[in-house]
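# A predicted structure for the sequence below; I have some questions about it.
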Amino acid sequence: MSKTAIIFGATSLIAEHTARLLAAEGWELVLVGRNRQALQVVASHVRLTGCAPVHELHGDATDMDSLPQLVESANQLLGRLDLALIAWGCFFPNPDARQIQEMERINHVATTALAKLLGQALAQQRGGTLAVLSSVAGDVLRPANYSYGSTKAALDADLQELRQTLAPCGVRVLTIKPGRVETPLTACVPRSPFSATPAATAAGICRAIQSKQDVVYLPGWLRAVFFVLRSLPKGLVKRLRF
Amino acid sequence: MPTPPLRQTEIVRPWNGWPAGPQKTLRVWRSADSLPQPLPGETFLPFGLGRSLSDVCLNPDGTLLRTPAMDRLLAFDETHGVIRCEAGVTLRQLLEFLTPRGWFLPTTPGTSQVTVGGAIANDVHGKDHHRNGSFGCHVTRLELLRSDGRRIECSPDTQGGLFLATIGGLGLTGLITWAEFRLKRMPSPWLNVESVRFGSLEEWRRVAQEDGAWEYTVAWLDGTRAPFPGLHIRGNFAASAPASYRMRRDAALTVPCDAPGWLLQPWLIGAFNRLKLLGQPAAVKKGRQDFQSFFYPLDQIGNWSRLYGRRGYLQYQFAAPHEHAMGLLQRVLETAIASRQPAYLVVLKTLGSAASAGLLSFPMPGLTAAIDFPNLGKPTLELFGRFDEMVRDAKGRLYPAKDPRMPAAMFRDGYPEWREFSRHVDPAFSSGFWRRVVGNTP
Ligand SMILES: Cc1cc2nc3c(=O)[nH]c(=O)nc-3n(C[C@H](O)[C@H](O)[C@H](O)COP(=O)(O)OP(=O)(O)OC[C@H]3O[C@@H](n4cnc5c(N)ncnc54)[C@H](O)[C@@H]3O)c2cc1C
Ligand SMILES: NC(=O)c1ccc[n+]([C@@H]2O[C@H](COP(=O)([O-])OP(=O)(O)OC[C@H]3O[C@@H](n4cnc5c(N)ncnc54)[C@H](OP(=O)(O)O)[C@@H]3O)[C@@H](O)[C@H]2O)c1
């Protein structure tokens, strides 16, 4: 029987590429997104190139009121769930108060709320993986990621709690921490020569899903980089320009 | 309010490495996205994979619209062989999807590392032009996104004028967001291939006259010595598949940076090509090749053009009608030898009489020759200037996709419909090429 996954924020470029890879391996997918037209286009490619059914579910899961209904519809479509992936996120450089609020709402509050709901569903079936896109930006807070970093740091903390709660039920919580990826999210800041492609990041996500890791850095060497950065004395970090 | 899209700065080089430079770029992420408002004085130009050997894909002082994320297949009619996809989809990507399903590209250039948008905008041709015409002949519809925000679906029947202008339209009529085109049945991934040695241009002509039964033909010749010996290669898809086929990875080897100037000495290239040509002692060799080796022998090595060093190389590609083509080729090659810049590699293709698909399409019934030269700067440009005269006398024309220095007069003489074409150019689209050949002419 083919494996099943639901992807929230499926129009994210990273999520889209992950969906392509999963579908090519025969996973049955439910793609959830708030932009119906974009979702259709994403799904048409995944459907053509993949080898299992692909369902579209239109709705904004960051909207608390429509959330339970969406999760219910997904359950009906798939039955048992092997993987739930939350990929949405938003980023504003030099955010104003409203933008800080929006990042907090999407990256932290809505993500954690959905993660809890999905966690319960997985716990009921006693197994499965809950994967969430966080970011290395949550590891070391720096001016370039003002507020974005702290929303991801808060998300990381919530995911750690959830991981402990769900472990006894056989549910794995996977925190995914990419470095810079070339997607619309970061098109508003100057390019980095170290950017990864969404395809490479998606390949890393698929490998991580197969593994038993709790927290994965993409590409993998970023784990060492951020370990060092996290260990530096705060007084020194204060003076770093990066 | 959404943050306005930031123009990035990147070093962009066309495939031949010259002219390269910093360029402003913007990414278009999906076919449904709208274009940003051009800044005052700003012009846009779509950019695919930069496999052109000229400034048709460059827009110095303007902004390139990059499309790598527009890589989605939208619809596939497996019974009739019709596909619709976003314009950033590469031919390589299509081959991976199509060939296991028994379909092939309607026609293909010598590399699979080009986008559908690029293939349409240069109306590329392949080894089968005499049979199947150019890529644009197979396009059934496409969508254009104009700088004023309009989306225009064009086909030969609706918006026919704009459609004709967009095929071979050098990216100037707007951004192609998606396209639909007809495919070709592929009985197997293998081709029966025959390679015939010839000792002179005259002999090549006789060999090529017997091409009737062959779908794909091309000739490679050594331009360093008259009477110009070479190999004529022809292939047909084999009827049945001996075994299933898995496509090899492209760019298994990649040239990481520009080679130092001394590496690719002319004599070295010459020796390499002679080895290739004379490596076949038999007059006729028959065999079987997979489609990757047959159509895309160079895709195995990534960025091979960097072997030519920082100044890159220049290709001189002309098309000319049958009655003048052989004489023209002979004169061009002899002039090159006389000026001590012999043509190490010459690729010849026969162009069929299929009606040209677009207003600015390059192919014309006759012959096309593509000739590679290391870029020595001034001497090479002077030599090309002399070729230009000969091409004009032979009623031929040059390929915009391959020519970063084509003088305005050569363009206007070669493409008399350019005035009609220019009426369809999007007012906020331009390119280095277009400004050079048309300047400020109204
Ligand atoms: C090894 C090699 C072999 C080749 N062999 C052949 C051959 O056999 N026959 C042949 O005809 N050509 C050949 N070419 C040339 C190549 O096929 C063309 O230059 C092709 O157009 C390159 O496609 P690209 O995607 O890289 O486009 P680019 O080079 O990036 O752009 C080419 C043009 O397309 C336009 N364009 C790109 N995307 C869009 C879009 N979405 N909407 C509108 N306009 C767009 C650009 O503005 C530009 O004018 C060869 C090139 C190489 C390097
Ligand atoms: N790109 C990077 O460099 C990078 C690095 C580290 C981590 N990440 C993380 O990776 C995840 C995926 O991002 P991406 O890079 O793939 O970016 P992306 O392509 O821009 O995708 C962003 C996704 O978030 C959704 N979204 C944005 N704002 C929203 C809102 N207000 N309400 C509901 N949905 C919203 C978008 O939906 P619509 O399509 O409907 O707009 C889209 O699905 C994010 O969590 C991001 O933080 C990215």
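Nice, thanks for sending it over. Ligands and ions are numbered 1, 2, ... in the order given.
# Show me what from chain A comes close to chain B.
A:13, A:37-38, A:41-42, A:44-45, A:48-49, A:92-93, A:182-184, A:187-191, A:198 (Cβ under 8 Å from any Cβ of the partner chain). Placement of C-beta: from N, CA and C, glycine included.
# can you rerun that using 10 Å?
Contact residues, chain A versus chain B (Cβ under 10 Å from any Cβ of the partner chain): A:11, A:13, A:16-17, A:20, A:35, A:37-38, A:40-49, A:91-96, A:98-99, A:182-184, A:186-191, A:197-199.
# Low-confidence stretches in chain A?
Chain A contains residues with pLDDT under 70 at A:242.
# Which strand in it has the most residues?
strand A:171-178 (DSSP state E).
# which parts of the following helix or strand past that strand are buried?
Following strand A:171-178 in sequence order, the next helix or strand is helix A:198-210 (DSSP states H and E). Under the neighbour-count criterion of 16 or more other Cβ atoms under 10 Å in any protein chain shown, helix A:198-210 has A:198-206, A:208-209 buried.
# repeat for stretch A:35-49
By neighbour count with 16+ other Cβ under 10 Å, stretch A:35-49 contains the buried residues A:38-49.
# just the residues you listed now: which is nearest ligand 1?
Using Cβ to the nearest ligand atom, A:V41 comes nearest to ligand 1 of the buried residues of stretch A:35-49, at 15.5 Å.
# contacting residues for the closest residue to that closest one other than its chain neighbours?
What sits nearest to A:V41 in space, not counting adjacent residues and going by Cβ to Cβ, 6 or more residues apart in numbering or on different chains, is B:R72, at 5.7 Å. Going by Cβ atoms under 10 Å, 6 or more residues apart in numbering or on different chains, B:R72 touches A:16, A:20, A:41-46, A:48-49, B:30-31, B:84-86, B:88-89, B:93, B:178.
# go with 7 Å
A:41, A:44-45, B:85-86 (Cβ atoms under 7 Å, 6 or more residues apart in numbering or on different chains).
# Export those residues as JSON lines, with columns for distance to B:G230 and secondary structure.
Below are the contacts of B:R72 laid out as JSON lines (distance: Cβ to Cβ, whole Å; DSSP: H, G, I helix; E, B strand; the rest coil):
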{"residue": "A:V41", "distance to B:G230": "47", "secondary structure": "helix"}
{"residue": "A:S44", "distance to B:G230": "46", "secondary structure": "helix"}
{"residue": "A:H45", "distance to B:G230": "43", "secondary structure": "helix"}
{"residue": "B:C85", "distance to B:G230": "37", "secondary structure": "strand"}
{"residue": "B:E86", "distance to B:G230": "39", "secondary structure": "strand"}
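# From chain B, how far off is the spatially most central residue of chain A?
Among the residues of chain A, the one closest to the centroid is A:L133, at 2.2 Å (Cα atoms, centre = their mean). Distance, A:L133 to chain B, by Cβ to the nearest Cβ, to the nearest Å: 17 Å.
# what are the phi and psi angles of that residue?
According to degrees, to the nearest 10, the main-chain angles of A:L133 amount to phi -80, psi 110.
# Do I have it right that it meets A:G89?
Yes. Taking Cβ atoms under 7 Å as the definition, A:L133 is a contact partner of A:G89 at 6.2 Å.
# Write out the residues of chain A neighbouring ligand 2.
Applying Cβ under 6 Å from any ligand atom, we find that chain A lies next to ligand 2 at A:9, A:11-14, A:33-35, A:38, A:60, A:62, A:87-90, A:106, A:133, A:135, A:178, A:180-181, A:183-186.
# could you pull out the strands for chain A?
Applying DSSP E to chain A gives strands spanning A:4-8, A:28-33, A:54-58, A:83-86, A:128-133, A:171-178, A:215-218.
# Mind putting the ones you listed into JSON lines with distance to B:A338?
Below are these laid out as JSON lines (distance: least, Cβ to Cβ, whole Å):
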{"stretch": "strand A:4-8", "distance to B:A338": "65"}
{"stretch": "strand A:28-33", "distance to B:A338": "65"}
{"stretch": "strand A:54-58", "distance to B:A338": "63"}
{"stretch": "strand A:83-86", "distance to B:A338": "66"}
{"stretch": "strand A:128-133", "distance to B:A338": "64"}
{"stretch": "strand A:171-178", "distance to B:A338": "59"}
{"stretch": "strand A:215-218", "distance to B:A338": "58"}
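# Let me know the secondary structure of the closest residue to B:L381 other than its chain neighbours.
Nearest residue to B:L381, sequence neighbours excluded (Cβ to Cβ, 6+ apart): B:R405, at 6.0 Å. Classification of B:R405 using DSSP: H, G, I helix; E, B strand; the rest coil returns coil.
# Show me where the stretch 1-150 of chain B dips below the pLDDT cut-off.
Applying pLDDT under 70 to the stretch 1-150 of chain B flags the ranges B:1-4.
# Show me what residue of it gets nearest to chain A.
In the stretch 1-150 of chain B, the residue that lies nearest chain A is B:R72 (4.0 Å; Cβ to the nearest Cβ).
# quick one: that residue and B:S188, what's the gap?
For B:R72, the distance to B:S188 equals 28 Å [Cβ to Cβ, to the nearest Å].
# How about B:D250?
Taking Cβ to Cβ, one finds B:D250 at 21 Å from B:S188.
# Now do the nearest residue to B:E334 once chain neighbours are set aside, the pLDDT please.
Distance criterion Cβ to Cβ, 6+ apart; nearest residue to B:E334, sequence neighbours excluded, is B:A226 at 6.6 Å. Confidence at B:A226, expressed as pLDDT, is 88.
# Can you pull the residues of the stretch 1-150 of chain B lying near ligand 1?
Checking the stretch 1-150 of chain B against ligand 1 by Cβ under 6 Å from any ligand atom, the hits are B:15, B:45-52, B:56-57, B:67, B:87, B:109-111, B:114-115, B:117-119, B:121-122, B:124-126.
# try 5 Å
For the stretch 1-150 of chain B, the residues in contact with ligand 1 (Cβ under 5 Å from any ligand atom) are B:15, B:45-52, B:56-57, B:87, B:109-111, B:114-115, B:117-118, B:121-122, B:124-125.
# Please consider this matter closed, and thank you.
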